[in-house]
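Q: I would like to see how this sequence folds:
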Amino acid sequence: MDKNTLLNITIGDLFLKHPYTKDFFIDHLIPFEGHENYSINKLFEIIDEEVIEDKAINIELFINNILEYIELMSSYFVSENKVQNKVTIFPGTYKDGSEETFDMIEINKGEIISIVGPTGSGKSRLLADIEWAANLDTPTKRKVLINGRVLEPHERFSASNKLVAQLSQNMNFVMDLTVEEFLDLHATSRMVEDKEQMVNNIFAKANELAGEGFSKETPITQLSGGQSRALMIADTAILSKSPIILIDEIENAGIDRKKALELLVTEEKIVLMSTHDPILALMGDKRIVINNGGIEKVIDTTDEERNILTELETLDNTMMKMRNRLRYGKKLTFKEDL
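A: The predicted model follows:
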């Protein structure tokens, strides 16, 4: 929006086109109530000089600042709405400096990719390369493209508009807020249209994922580890604009892993997860095998492995049922538990 358009559009139309500008008027003590059908030019003509002086309103500065604010917020929303459909990884080097031998790896929206390998093999290093869209400038010397292009520095290192969200076992809250207050705060910062519905949706999904339910009134600092991770996964899946989700070893997170992955994929995220869990590994469409700091091979999940996954999930459900019975002070029996 240019200066001439800003000065001549009605304030009401400005608020409709850019809702966040209403708060800008309020924060700068501009008395617009009852004059929404006026242009900014007209508004400043009718404001009493004493009001302008009393509230220290600098008209020219206000106009310049709101133009900059509209430009900033518009660029923010444009970048948030860009669809990220593909991540491409080009080879780098192993820890010993030898070159990785794969041609390239393409990961598309809606895919789940598991990353497997021994402890210390370099799984987290691969996640970091993706998180920072490596451009031959990390220890692995890999290059990562997003939608087929190298990201600009401001895109790679933006704190406010990250392309990648990372979830791990070590997620804890430090703010003194209830679950509802936390979700409402995040929804407000994202300027969603129906905050109440959004908060209710995230809360319901979080309780589906958690092994033990919790209420909206629960202080987030009092959530268990599993409840905290369930809340963050639901919040990230539904409300976060980051199109790429990196998951670092959540097998012991105390959540329903299958439902968590299904939720993330349903929300059209690109999901990569580092894991030692065979169930999570086989849930992926393919798995990247890491060894000695490098990508050793890429394996597509076979139909036979998916059949094995079904058996593993049955065993896992049995184990979950046993854990819950023991947790609530019940005895295990062959008849009821096996």
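Q: drop to CA atoms for contacts and neighbour counts, all remaining ones
A: Fine.
Q: helices or strands up against the strand or helix carrying K22?
A: Take DSSP states H and E as the rule and K22 turns out to sit in helix 21-27. Applying 3 or more Cα pairs under 8 Å, 6 or more residues apart in numbering; DSSP states H and E, we find helix 21-27 packed against helix 11-17, helix 59-80.
Q: Least confident of those, on average?
A: Among the helices and strands packed on helix 21-27, helix 59-80 carries the lowest mean pLDDT, a mean of 74.
Q: same question for the following helix or strand past it, mean pLDDT?
A: Proceeding N to C from helix 59-80, the next assigned helix or strand is strand 86-90, under DSSP H and E. Averaged across strand 86-90, pLDDT comes to 93.
Q: pLDDT averaged over the helix or strand following strand 86-90 - what is it?
A: Using DSSP H and E, the helix or strand that follows strand 86-90 towards the C-terminus is strand 105-108. Averaged over strand 105-108, pLDDT sits at 92.
Q: Tell me the helices and strands packed up against strand 105-108.
A: Against strand 105-108 (3+ Cα pairs under 8 Å, 6+ apart) you get strand 86-90.
Q: ok, I202 to E99 distance?
A: Separation of I202 from E99 (Cα to Cα, to the nearest Å): 44 Å.
Q: Go through the helix or strand where L326 lies and flag the buried ones.
A: Applying DSSP H and E as the criterion places L326 in helix 303-327. Within helix 303-327, the residues that count as buried by 16 or more other Cα atoms under 10 Å are R306, L309, K321, M322.
Q: circling back: quick one, which of I202 and E99 is more surrounded?
A: Ranked by neighbour count (other Cα atoms under 10 Å), I202 and E99 place I202 first, with 23 against 15.
Q: Go ahead and confirm the more buried one touches D235.
A: Yes - using Cα atoms under 8 Å, I202 makes contact with D235 at a distance of 5.9 Å.
Q: which residues are common contacts for those two?
A: The contact sets of I202 and D235 overlap at L183 (Cα atoms under 8 Å, 6 or more residues apart in numbering).
Q: So, low pLDDT: which residues of the stretch 201-338 of the chain?
A: For the stretch 201-338 of the chain, the stretches with pLDDT under 70 are 250-254, 336-338.
Q: Please, where are all the strands along it?
A: In the stretch 201-338 of the chain, the strands defined using DSSP state E, counting those that start in this stretch lie at 244-248, 270-274, 286-291, 294-300.
Q: so what secondary structure elements neighbour the longest one?
A: The one in question is strand 294-300. Short answer (3+ Cα pairs under 8 Å, 6+ apart): strand 294-300 packs on strand 286-291.
Q: Could you do the second one as well?
A: On a contact count with 3+ Cα pairs under 8 Å, 6+ apart, strand 270-274 meets strand 112-116, helix 123-131, strand 244-248.
Q: measure Q197 to E268 for me?
A: 20 Å.
Q: between those two, who's got more neighbours?
A: The neighbour comparison of Q197 against E268 (other Cα under 10 Å) goes to E268, with 20 against 11.
Q: from memory the more buried one sits against K86, does it?
A: No - taking contacts as Cα under 8 Å, E268 lies outside contact range of K86: 11.5 Å.
Q: joint contacts of these two?
A: K109.
Q: ok, now which ones touch L223?
A: By Cα under 8 Å, 6+ apart, the contact list for L223 reads F214.
Q: quick thing: my sequence starts at 35, can you match it?
A: All right, first residue 35 from here; so that's L257.
Q: how long is stretch 353-368 end to end?
A: Stretch 353-368 end-to-end distance (Cα to Cα) = 13 Å.
Q: Please apply the same query to stretch 202-219.
A: 22 Å.
Q: Over to stretch 264-278?
A: Stretch 264-278 has an end-to-end distance of 18 Å (criterion: Cα to Cα).
Q: do the same with stretch 151-163
A: End to end - Cα to Cα - stretch 151-163 spans 17 Å.
Q: mind listing what G144 touches?
A: With Cα under 8 Å, 6+ apart, G144 has these contacts: V299, T300, E302, K303, I304, V305.
Q: can you tell which of the helices and strands packed on helix 55-61 is closest to F58?
A: Closest of the helices and strands packed on helix 55-61 to F58 is helix 93-114, at 7.4 Å (criterion: Cα to Cα).
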